[in-house]
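Visitor: How does the following fold in three dimensions:
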Amino acid sequence: MIEHTVVISGGGPTGLTLGAELALAGVDVAIVERRSKQDLVGAWAGGLHARTIEVFDQRGIANRFLTVGQKHPMAISFRKTRLDLTDLPSRHNYFLSLWQQQTERILAKWVDELGVQIYRGRELKGFEQNEATVEMALSNGSSLRAKYLVGCDGGRSLVRKAAGIEFAGWEATKSWLIAELQFTDEPAWGFRDDATGTHAIGKLDDGPGMRVVLTEQELKIGGEPTLTDVREALIAAYGNDYGSHSPTSISRFTEAKSLGQLDSTMSETWTCWYASSMSPTSSRPLPRSGFPLSWRQTRQFEV
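Guide: Below is the predicted model of the structure:
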């Protein structure tokens, strides 16, 4: 059985950055990632905020993101109130427009340079722990053993659930559709507001398609959204579905929040969870992902 000091479940921005941080500290760390490549389908996160870039700057990799992203000094808004980020006391007082696919590729290259092993095309299916180690079963039938297993595998984290760590917070009240597709007819570009919420249609940077974000008329949770859902939401918001067709990605998201996203003192609601055979201490910081908002909050343990 292959052994590491730390195994991270999930190779997204959180898992990649944690893997790099541990490698820089001289820790034997590996990442388990279900995707065979670092590619993402769809829009996902759209950029990096000042604190994230500051942390990358401390690691000497900020320019890797800056050379491919676009700086926006007025990119944050709260309920349509625009904030001038040039007043921030930071070298990076701007929002960097950069899609998550590009961000992950840059992080993956950095992790590879640091010699971190990534087990691709497999995912964590279960684990057992004793006084000394955590043993993990992977989807391809193989096994790993480590002193620590860290869950960077999202809101439905297997590690969090198995460890009994609560995902406390606020329930969703609204849901949105985000899709990349094509239109037969010319749409109404830009933002639109109505009693339901805010909607937007824009062109993709790297192809002939469009990206739409639509507030749904009713809260919907779970299930896979379809082109029919997008068409119905377009008609509700714009009175026209513009002959929408050929979607490459459709997803749904809500504004549900965990307390850990809002309060760094909440010990049980972090995006990055761990199970280990050792007690946590306050020795070495591990970045918590607020991607793309902030990487400031940390949780600490010794390896």
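Visitor: mind listing the strands for the stretch 101-250 of the chain?
Guide: Taking DSSP state E, counting those that start in this stretch, the strands of the stretch 101-250 of the chain run over residues 117-120, 124-129, 134-138, 143-151, 169-170, 175-182, 190-193, 198-203, 210-215, 245-254.
Visitor: what mean pLDDT does the longest one have?
Guide: Confidence for strand 245-254, expressed as mean pLDDT, is 90.
Visitor: So which bits of that strand are buried?
Guide: Within strand 245-254, the residues scored as buried using 16 or more other CB atoms under 10 Å are 247, 250, 252. C-beta here means a position set from N, CA and C on the backbone, and glycine is covered the same way.
Visitor: Counting by contacts, list what it packs against.
Guide: Packed against strand 245-254 by the contact rule (3 or more CB pairs under 8 Å, 6 or more residues apart in numbering; DSSP states H and E) you find strand 175-182, helix 227-238.
Visitor: now do the second one
Guide: Here strand 124-129 touches strand 134-138, strand 143-151, helix 158-163, strand 273-276, going by 3+ CB pairs under 8 Å, 6+ apart.
Visitor: Compare the ones you listed and give me the one nearest G69.
Guide: strand 143-151 (27.7 Å; CB to CB).
Visitor: Can you list the strands that that closest one pairs with?
Guide: strand 2-9 (parallel), strand 134-138 (antiparallel), strand 273-276 (antiparallel) (DSSP bridges).
Visitor: which of the residues in that strand are buried?
Guide: 144-151.
Visitor: Quick check: mean pLDDT of the lengthiest helix in the chain?
Guide: Longest helix of the chain, by residue count under DSSP state H: helix 100-113. For helix 100-113, the mean per-residue pLDDT is 93.
Visitor: Could you do stretch 188-197 as well?
Guide: 90.
Visitor: picking up where we left off before, and the longest helix of the chain, how far from the chain's centre?
Guide: 13 Å (CA atoms, centre = their mean, to the nearest Å).
Visitor: on contacts alone, who are the packing partners of that helix?
Guide: Identification of packing neighbours for helix 100-113 by 3+ CB pairs under 8 Å, 6+ apart yields helix 13-24, helix 62-66, strand 117-120.
Visitor: Distance check, A163 against R34.
Guide: Distance of A163 to R34, computed by CB to CB, to the nearest Å: 20 Å.
Visitor: Would you mind reformatting the strands paired with strand 143-151 (as CSV) and adding columns for mean pLDDT while you're at it?
Guide: Below are the strands paired with strand 143-151 laid out as CSV (pLDDT from 0 to 100):
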stretch, mean pLDDT
strand 2-9, 96
strand 134-138, 96
strand 273-276, 44
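Visitor: For T103, find the nearest of these.
Guide: strand 2-9 (17.3 Å).
Visitor: That closest one: which residues count as buried?
Guide: 4, 6-9.
Visitor: same question, stretch 63-74
Guide: Applying 16+ other CB under 10 Å to stretch 63-74 flags 64-66, 69 as buried.
Visitor: Stretch 19-30 now?
Guide: Applying 16+ other CB under 10 Å to stretch 19-30 flags 19-23, 27-30 as buried.
Visitor: Just give me how far it sits from the chain centre.
Guide: Using CA atoms, centre = their mean, the mean C-alpha position of stretch 19-30 is found 20 Å from that of the whole chain.
Visitor: ok, E255 - contacts?
Guide: 172-174 (CB atoms under 8 Å, 6 or more residues apart in numbering).
Visitor: ok, 6 Å please
Guide: K174 (CB atoms under 6 Å, 6 or more residues apart in numbering).
Visitor: One more: Q101?
Guide: Q101 touches L40, counting by CB under 6 Å, 6+ apart.
Visitor: Please tell me how far it sits from K37.
Guide: Distance from Q101 to K37, by CB to CB: 11 Å.
Visitor: repeat for S249
Guide: 16 Å.
Visitor: Show me what counts as buried in stretch 94-110.
Guide: Buried-residue list, stretch 94-110, by 16+ other CB under 10 Å: 94-96, 98-101, 103-108, 110.
Visitor: returning to what we had before: for the helices and strands packed on helix 100-113, could you give me TSV that also reports mean pLDDT?
Guide: Output for the helices and strands packed on helix 100-113, formatted as TSV (pLDDT from 0 to 100):
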stretch	mean pLDDT
helix 13-24	95
helix 62-66	95
strand 117-120	96
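Visitor: Which one, of the ones you listed, ends up nearest to I178?
Guide: helix 13-24 (17.9 Å).
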